[in-house]
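Asker: Below are the sequence and a predicted model for it; my questions follow.
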Amino acid sequence: MTGIETPLTRLLGCTVPVQQAGFGGALNTRLAAAVAQAGGIGMLGGALAGADALGYAIAEVRAGGHGAVGVNFVVPFLDVAEHRAALDVAAAGADLVEFFYAEPDPALVEVVRAGGARVGWQVGSAREARSAAAAGVDVVVLQGIEAGGHVRATAGLLPMLAAVLDAVDVPVIAAGGIATPRAMAAVLAAGAAGVRMGTRFVASLESDFHLDYKAALVAAEAGDTVYTERFAELWPGAPHRVLRSAIAAAEAGTEPIVGSMSAGATRIDVPRFAGFAPVADATGDVAAMALFAGEGVGEIAEVLPAGDIVRLFGERAAVLLGTPRC
Ligand SMILES: Cc1cc2nc3c(=O)[nH]c(=O)nc-3n(C[C@H](O)[C@H](O)[C@H](O)COP(=O)(O)O)c2cc1C
């Protein structure tokens, strides 16, 4: 196994500073376990899960590996009273519990800290990074505007990275448009303690997304993504980055519902321009659903096992950085 030791790997006890993004509340144990088994940080979506299911999933991901297990909560969909049991289970069982899409909140940080896990916050600016550090987080995830999915950032990753590294003294994970070991090596050389990838892991064997979505990512070229607020149904005012083809396909129809898919334990109708990426069992006009993709999508040439992605990125970035194999 090739290791790259950084403040992040030391903090979380993993061997490769690669974090898979937690996806929209989905409890994909298979994906997180594959990432953790390869030494990375396997993430589970916490918001749609019941506390018991989340507890079992954390144990399952932890069972295999050299890596770490984390739980992600998207704050606009987190009702602390309703999800308190899930939060407590995550805080007691995971290595990392992290939050996204809200001003950093010291009270939430305290809930996690009381349970024993490390706390992370994904931010989109140096100002928000300072606010996260002031709220007491252990890890800042800096998302650039290149990112796929919902985008908090308003500027590019590299222009913000130096300012954030200067502003906080906790490990910083870089996110947004990273889809090659070269990009990983670049941000590590600049001082990031790890990388977080979403789009690259959507196009993995174990991700629970629709095969047509994965195929569209593999076929896409650099420049095929758009930063937009078009998929605003169900979550207005939250910009996101999608494949341009998804907007064209959604605009081509008029029916208010484009299809249906599972969301946690229930099956939902998918409104046209809903901000949900199509999961594996989606039916209907999948091409017209929110095909979230980051600017690195043109570098993704094939769907790979998630563990291979972690190993490949760890090994190649180590070589590029001149880190000795261990
Ligand atoms: C399909 C998809 C779903 C996402 N869902 C979440 C989520 O639930 N929580 C979160 O913090 N970030 C989410 N993200 C954003 C990632 O955390 C990360 O910022 C982004 O994927 C990085 O850019 P990249 O896709 O170019 O790697 C999602 C990204 C994608 C592509």
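Answerer: Cool, the structure landed.
Asker: Write out the residues of the stretch 201-326 of the chain neighbouring the ligand.
Answerer: Contacts of the stretch 201-326 of the chain with the ligand, taken as Cβ under 6 Å from any ligand atom, map to 202, 277, 292, 294, 296. No exception for glycine: its C-beta is placed from N, CA and C like everyone else's.
Asker: can you rerun that using 8 Å?
Answerer: With Cβ under 8 Å from any ligand atom as the criterion, the stretch 201-326 of the chain meets the ligand at residues 201-202, 209, 241, 277, 292-297.
Asker: What segments of the stretch 1-150 of the chain are helices?
Answerer: Taking DSSP state H, counting those that start in this stretch to define them, one finds helices in the stretch 1-150 of the chain at 7-12, 29-37, 51-64, 84-93, 106-115, 126-135.
Asker: and the angle for the fourth one with helix 106-115?
Answerer: Between the axis of helix 84-93 and that of helix 106-115 there is an angle of 50 degrees, by axes from the mean of the first three to the mean of the last three Cα atoms, to 10 degrees.
Asker: Name the residues of helix 84-93 that are buried.
Answerer: Neighbour-count burial for helix 84-93, with 16 or more other Cβ atoms under 10 Å as criterion, is recorded at 86-91, 93.
Asker: Phi and psi next, for the nearest residue to A133 once chain neighbours are set aside.
Answerer: Nearest in space to A133, with sequence neighbours left out and distances taken as Cβ to Cβ, 6 or more residues apart in numbering, is V168 at 4.2 Å. V168 adopts backbone torsions of phi -130, psi 150, taken as degrees, to the nearest 10.
Asker: What separation is there between G65 and P271?
Answerer: Relative to P271, G65 is positioned 39 Å away (Cβ to Cβ, to the nearest Å).
Asker: which one of those two has more residues nearby?
Answerer: Neighbour totals were compared for G65 and P271, and G65 leads with 20 against 16 (other Cβ atoms under 10 Å).
Asker: wait, the more buried one sits on I41?
Answerer: No - here G65 lies out of contact with I41, judged by Cβ atoms under 8 Å, at a distance of 10.4 Å.
Asker: From the residues of the stretch 201-326 of the chain next to the ligand, which land in strands?
Answerer: Members of these lying in strands (criterion: DSSP state E): R241.
Asker: out of the residues of the stretch 201-326 of the chain next to the ligand, which is most surrounded?
Answerer: A293 (33 neighbours).
Asker: quick one, phi psi at D269?
Answerer: Main-chain torsions, D269, degrees, to the nearest 10: phi -80, psi 140.
Asker: Can you give me the pLDDT of it?
Answerer: We have a pLDDT of 97 for D269.
Asker: Look up how far F273 lies from the residue of the chain most remote from its centre.
Answerer: Farthest-out residue of the chain from its mean C-alpha position, per Cα atoms, centre = their mean: T254, at 31.6 Å. Remark: distance between T254 and F273 (Cβ to Cβ) = 12 Å.
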